[in-house]
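Student: what would the 3D arrangement of this be:
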Amino acid sequence: MFDTFLIGLRGGLAAAVLVGVLASHLVRAGRRGALRAVGGGAGAAVAMALGFGCALTFGSQELTFKAREAYGGWLSLAAVVLVTWVAAGMVREAQAQPPGESAPAARQHASVPAAAAFFVVGSCGVETALFFWGTVRASGDGTHAPLAGAVLGLLMAVALGWLCARGLVRAGQAAFPRWAGATTAVVTAGVLANGVRHLQEAELLGGLQAKAYDIAATFPPDSWYVVLLDAAFGFRLSPTVTQIVVWALYLMAVLALLFVPSRGRPRLAGARRRAPFGPR
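Tutor: Numbering: from 1, shown residues only. Model prediction:
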């Protein structure tokens with residue numbers, strides 16, 4: 001049961017954290033009405049993943065390994081693009097708007113966070129859904145422990161995502177874009193690296209055999225800490241060189257865009273932009 005708990009946690013944690021960041025941004029921007037769209041996008045992705053996994057598990061048609069890897073890889077890339085777009089807009093709004101005022105232009109793009117939630121949950125959900133329905137089929141022997149473990153792992157992931165969102169909502173005006181941007185960048189870099197691995201497994205990208213390092217013999221792949229690092233940050237015991245390069249370049253580029261002030265652009269500590277001789 002513990003093994004399936006870890007699999008459920010691995011499948012849901014990155015998606016739950018990123019959706020939590022999106023939700024916290026909408027709440028702080030005064031756009032609570034858009035939370036329904038984000039919830040709808042995440043719910044549609046869950047339904048799609050469950051339906052897809054059910055059809056492949058119980059139907060007469062089976063998706064080949066390469067096709068499944070390609071599907072997961074393209075979903076991951078779409079999720080990365082949309083989440084990065086939302087994160088960039090989130091930081092721009094935090095820099096440009098006074099405290100308590102939201103950006104009216106961003107309200108025209110409420111569908112973007114919803115689409116980001118859909119692709120994030122979808123990219124993480126297909127493999128988990130296949131395992132979920134596989135455990136339903138295997139539970140015909142009278143035990144439901146594997147299925148219960150997977151469900152508990154997913155619920156734990158949702159709870160951690162909710163805690164992340166709650167903490168970000170309570171963050172200060174200057175601290176929020178830093179914490180939200182850094183969390184989004186790190187988790188999304190892991191999603192991107194996993195997407196690259198999926199595309200390599202599907203033979204759509206080369207370099208699958210070129211390992212950056214291999215410490216699988218040192219650390220048990222099914223240990224809780226390895227699973228947790230994989231779920232939250234996309235950490236792998238034997239990543240390819242391409243994965244590491246893409247992960248590092250994305251992370252450095254996004255952190256630089258979010259946090260390095262350019263000429264004519266205010267720093268993230270927006271609270272200091274006010275004149276020092278204003279009313280206290």
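Student: show me the shaky parts of the stretch 151-280 of the chain.
Tutor: For the stretch 151-280 of the chain, the stretches with pLDDT under 70 are 259-280.
Student: now the strands: where do they sit in the stretch 151-280 of the chain?
Tutor: Under the criterion DSSP state E, counting those that start in this stretch, the stretch 151-280 of the chain contains no strands.
Student: any idea how far the top helix by length along the chain is from the chain center?
Tutor: For the chain, the helix with the greatest residue count under DSSP state H is helix 65-96. Put simply, helix 65-96 sits 8 Å off its chain's centre (CA atoms, centre = their mean, to the nearest Å).
Student: again, but for stretch 31-51
Tutor: Its chain's C-alpha centre lies 14 Å from the corresponding centre of stretch 31-51 when counted by CA atoms, centre = their mean.
Student: what does it contact?
Tutor: 15, 19, 22-23, 26-27, 102, 106-107, 110-111, 113-122, 125-126, 128-129, 132-133 (CB atoms under 8 Å, 6 or more residues apart in numbering). (Glycine included, C-beta is placed from N, CA and C.)
Student: ditto for stretch 228-235
Tutor: Stretch 228-235 is contacted from outside by 9-14, 17, 157, 186-187, 189-194, 226, 236, 247, using CB under 8 Å, 6+ apart.
Student: ok, back up a step: please, a ChimeraX command that selects the buried ones among the contacts of stretch 31-51?
Tutor: To isolate the buried ones among the contacts of stretch 31-51 in ChimeraX, judged by 16 or more other CB atoms under 10 Å, type:
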select :15,19,22,23,26,27,106,110,113,114,115,116,117,118,119,120,121,122,125,126,128,129,132,133
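Student: the contacts of stretch 31-51 in helices, which ones?
Tutor: Going by DSSP H, the helices hold 15, 19, 22-23, 26-27, 111, 113-122, 125-126, 128-129, 132-133 from those.
Student: give the contact list for residue 202.
Tutor: For residue 202, the contact set (CB under 8 Å, 6+ apart) comprises 66-67, 69-70, 73.
Student: scratch that, residue 15
Tutor: Here residue 15 is in contact with 42, 120-121, 123-125, 157, 161 (criterion: CB under 8 Å, 6+ apart).
Student: let me have these in TSV, extended by distance to residue 231.
Tutor: Shown next, in TSV, are the contacts of residue 15 (distance: CB to CB, whole Å):
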residue	distance to residue 231
42	17
120	13
121	14
123	13
124	9
125	13
157	7
161	11
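Student: can you name the two of the residues you listed that sit furthest apart?
Tutor: Using CB to CB, the pair of those lying farthest apart is 123 and 161, separated by 15.1 Å.
Student: the more surrounded of the two?
Tutor: Using other CB atoms under 10 Å as the criterion, residue 123 and residue 161 rank with residue 123 on top: 27 against 21.
Student: isn't residue 52 up against residue 127?
Tutor: No: Residue 52 lies out of contact with residue 127 (CB atoms under 8 Å); the separation is 10.5 Å.
Student: and stretch 215-225, which residues are buried?
Tutor: Buried residues in stretch 215-225 (16+ other CB under 10 Å): none.
Student: if you could redo that for stretch 159-176, that was the one I meant.
Tutor: For stretch 159-176, a neighbour-count test (16+ other CB under 10 Å) marks 160-161, 164-165, 168, 173, 176 as buried.
Student: in PDB, list the C-alpha atoms belonging to that stretch.
Tutor: Provided in PDB are the C-alpha atoms of stretch 159-176 (Å, rounded to 0.1, in the frame of the first residue of the first chain):
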ATOM      1  CA  ALA A 159      -3.500  18.800   0.400                       C
ATOM      2  CA  LEU A 160       0.100  20.000  -0.100                       C
ATOM      3  CA  GLY A 161      -1.000  22.000  -3.100                       C
ATOM      4  CA  TRP A 162      -3.700  23.700  -1.000                       C
ATOM      5  CA  LEU A 163      -1.200  24.500   1.700                       C
ATOM      6  CA  CYS A 164       1.100  26.000  -0.900                       C
ATOM      7  CA  ALA A 165      -1.700  28.200  -2.200                       C
ATOM      8  CA  ARG A 166      -2.800  29.200   1.300                       C
ATOM      9  CA  GLY A 167       0.800  30.200   2.200                       C
ATOM     10  CA  LEU A 168       1.200  32.300  -1.000                       C
ATOM     11  CA  VAL A 169      -2.100  34.100  -0.400                       C
ATOM     12  CA  ARG A 170      -0.800  35.200   3.000                       C
ATOM     13  CA  ALA A 171       2.600  36.300   1.700                       C
ATOM     14  CA  GLY A 172       3.400  40.000   1.600                       C
ATOM     15  CA  GLN A 173       3.100  42.200  -1.400                       C
ATOM     16  CA  ALA A 174       6.800  42.200  -2.200                       C
ATOM     17  CA  ALA A 175       7.400  38.500  -1.200                       C
ATOM     18  CA  PHE A 176       4.500  37.000  -3.200                       C
END
